[in-house]
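A.B. asks: Below is the sequence, then the predicted model.
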Amino acid sequence: MNKHIIRFTSLVVIAIGSPSISAAAQSTVAAVPVVSEVTPRERIWDGTVEAVNQSTVSAQTSGRVAEISYDVNDFVPKGAVIVRFTDTEQRAALRIANAALEEAKARLDEAGKEYQRITTMFENETVSKARFEQARANHAAAEARSSAAQSGVIAAEEQLEYTVVRAPFAGIVAKRFIEPGELVAPGQPIMSGLSLQSLRVNVDVPQSMFNPIREIGKAFVYADDQRIAAESLTFYPVADPITNSFTVRVNLPDDSATLFPGMFVKVGFVIGETRRLLVPVQAVVRRSELTAVYVLVDDQVTLRQVRLGRRFDARIEILAGVAENEMIATDPVQAGIYLKENSTVVNVDD
């Protein structure tokens with residue numbers, strides 16, 4: 001008995017057509033050849049992402065927490081007020097300092113006038129030299145007290161300003177160490193934050209690869225399907241005495257928003273060049289665990305499983321599955337429709 005069967009496998013689906021399908025396929029399905037290109041040869045190690053701007057803000061005066069303007073994961077503009085303390089003591093100290101300054105200014109004015117009067121009399125030889133020197137010393141002392149009072153006002157103003165804590169840079173709040181109403185002391189941590197705008201990756205590389213990496217000075221960070229070129233590399237000049245490895249800092253371009261501090265990423269350091277088979281990213285079909293491309297060979301349109309390598313911008317490396325100069329479909333949807341419409345039923349006898 002004859003049965004009509006269409007065969008499918010989980011890895012490869014082949015549509016067998018007549019010799020005329022080849023010309024029809026080439027005119028219907030957009031395709032490009034698999035090309036071999038010279039690309040950087042890399043050695044890859046794991047690295048840890050960290051923020052360039054990260055800090056912990058601490059209290060610079062004592063007081064009770066009156067207001068907390070931001071919490072964890074909030075974005076804070078540069079210079080924004082993040083915490084306010086009660087300032088009763090600081091304002092009282094400022095009033096006292098201002099009063100002391102006014103008194104010192106009055107004493108200085110009085111001593112100045114006295115010094116002028118005694119100076120005139122001394123020039124007319126109506127007072128002794130000892131009296132003149134005493135007046136000059138009193139004037140100098142009054143100037144010193146006035147200067148000290150002015151410094152006291154500046155210090156009191158700074159203590160009052162310390163009751164308002166501002167963000168040193170724009171970023172994200174990572175941790176909060178205080179609660180409203182809590183009494184804080186100078187030096188106590190308040191909040192820690194970081195900026196996601198500027199990031200870098202720290203990588204430990206073996207001593208044997210340190211010089212080749214430093215000579216070329218190029219690296220790429222791989223995160224998910226992205227390949228991010230490093231702006232520059234910073235080489236630590238001292239090796240770890242235990243692991244005999246050097247730390248290399250990979251500086252990333254601003255706004256690498258797909259990365260976050262603390263993440264582990266792959267970093268490829270360029271150590272030479274090699275040839276790779278590259279295809280457009282949009283040509284790759286992903287179905288569950290299957291990764292494949294549509295290949296046009298003679299009179300067949302084939303869905304062929306491939307093994308992928310690293311991505312290079314809009315193209316991706318093919319490690320196995322296709323050969324150089326083979327034609328692959330750039331639009332998998334279009335190729336799939338053509339394959340379905342032109343598939344041939346195979347007759348199998350029992």
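C.D. replies: Here it is on my side, so go on.
A.B. asks: Quick check: the gap between Pro186 and Ala223.
C.D. replies: Counting by C-beta to C-beta, to the nearest Å, the gap from Pro186 to Ala223 is 41 Å. C-beta: built from backbone N, CA, C; applies to glycine.
A.B. asks: Look at the two and report which has more neighbours.
C.D. replies: More neighbours surround Ala223 than the other of Pro186 and Ala223, with 18 against 11 (other C-beta atoms under 10 Å).
A.B. asks: Return the residues in contact with the more buried one.
C.D. replies: 258-259, 263, 265-266 (C-beta atoms under 8 Å, 6 or more residues apart in numbering).
A.B. asks: which of these has the weakest pLDDT?
C.D. replies: The member of the contacts of Ala223 with the lowest pLDDT is Thr258, at 77.
A.B. asks: part of a strand, is it?
C.D. replies: No. Counting by DSSP: H, G, I helix; E, B strand; the rest coil, Thr258 falls outside a strand, being coil.
A.B. asks: Tell me how many other residues surround it.
C.D. replies: Using other C-beta under 10 Å, Thr258 has 13 other residues around it.
A.B. asks: does it really touch Asp225, like I thought?
C.D. replies: No. Thr258 lies out of contact with Asp225 (C-beta atoms under 8 Å); the separation is 9.6 Å.
A.B. asks: Quick one: the strands in the stretch 51-200 of the chain, in order.
C.D. replies: Per DSSP state E, counting those that start in this stretch, the stretch 51-200 of the chain carries strands over the ranges 54-58, 63-68, 75-76, 81-85, 164-166, 171-176, 183-184, 189-194, 199-206.
A.B. asks: List the strands paired with the fourth one, with their directions.
C.D. replies: Spelled out, that is strand 81-85. Applying DSSP bridges to the sheet, strand 81-85 is found paired with strand 63-68 (antiparallel), strand 164-166 (antiparallel).
A.B. asks: do the last one as well
C.D. replies: Sheet neighbours of strand 199-206, with direction, are listed as strand 35-51 (antiparallel), strand 245-251 (antiparallel) (DSSP bridges).
A.B. asks: where in the stretch 1-150 of the chain is pLDDT low?
C.D. replies: Applying pLDDT under 70 to the stretch 1-150 of the chain flags the ranges 1-29.
A.B. asks: how about the closest residue to Met263 other than its chain neighbours, what does it touch?
C.D. replies: Nearest non-adjacent residue to Met263, counting by C-beta to C-beta, 6 or more residues apart in numbering: Val49, 4.5 Å away. Val49 is in contact with 199-201, 259-265, counting by C-beta under 8 Å, 6+ apart.
A.B. asks: No further questions, thank you.
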